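> coords please:
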Amino acid sequence: MPKNKGKGGKNRKRGTNKNEPEKRDLTLKEEGQEYGQVVKMLGNGRLEVYCFDGTRRLGVICGKMRKKSWVSNGDIVLVGLRDFQDSKCDVIMKYLPDEAKRLQKMKEIPEHVKHNEDEETRGGDDNIVFEQGSDSEDDSHDGKDDRYQPQDSDEDSDDGDLGDINVDDI
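Down below sits the predicted model:
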């Protein structure tokens, strides 16, 4: 039998969280790069990006980001522009919500841009509106709760009488 020389198997790795968000330096754009906001996810690592220079481009998520960070609609991203294709770009980095706020304070991206907040704290269902009421033609609703409506009782029946229920039918 071979001697174990490692530090353990996958059970040792299971307890560590490598995705823990650590404080990272804010990366600003350089020449040939632009800030953008994700408009639409197209699938297969492609997305539609509205760059803040005023153009919409087809963005391709680079390989090192593909399964490391998830990009969704409304995220602020840093894209690398292509010299030979103006209609396409490469997504280099996704900014976290607090980094996007810092970019807005530094006047790097416009103030009117609404960026995604942390969706786990919001719940993601803020746009759902429930209307109370019915769509039926009967609008004679007096505002009372319709779930319990007592039946009119006959004067000749008493509380112990079950009315139309026959014991033989049970």
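
> mind naming the longest strand for the protein?
Longest strand of the chain, by residue count under DSSP state E: strand 33-43.

> so residue 91 sits in a strand?
Yes: secondary structure of residue 91 (DSSP: H, G, I helix; E, B strand; the rest coil): part of a strand.

> that one is in contact with residue 76, isn't it?
No: the criterion here is Cβ atoms under 8 Å, and residue 91 misses it with residue 76 at 11.0 Å. From N, CA and C alone the C-beta is placed, and that goes for glycine too.

> remind me which residues of the chain are low pLDDT?
Applying pLDDT under 70 to the chain picks out residues 1-2, 4-6, 8-22, 117-130, 133-163.

> returning to that earlier point: same for the longest strand of the chain, what does it pack against?
Strand 33-43 sits against strand 46-51, strand 56-61, strand 76-81, strand 88-94, with contacts defined as 3 or more Cβ pairs under 8 Å, 6 or more residues apart in numbering; DSSP states H and E.

> what about residue 33, distance to residue 77?
Per Cβ to Cβ, to the nearest Å, residue 33 is found 10 Å from residue 77.

> next, the angle strand 33-43 makes with the biggest helix by length in the chain.
Criterion DSSP state H: the longest helix present in the chain is helix 97-105. With axes from the mean of the first three to the mean of the last three Cα atoms, to 10 degrees defining the directions, helix 97-105 sits at 140 degrees from strand 33-43.

> so residue 33 and residue 77 - more neighbours on which side?
Between residue 33 and residue 77, residue 77 has the larger neighbour count (other Cβ atoms under 10 Å), namely 24 against 17.
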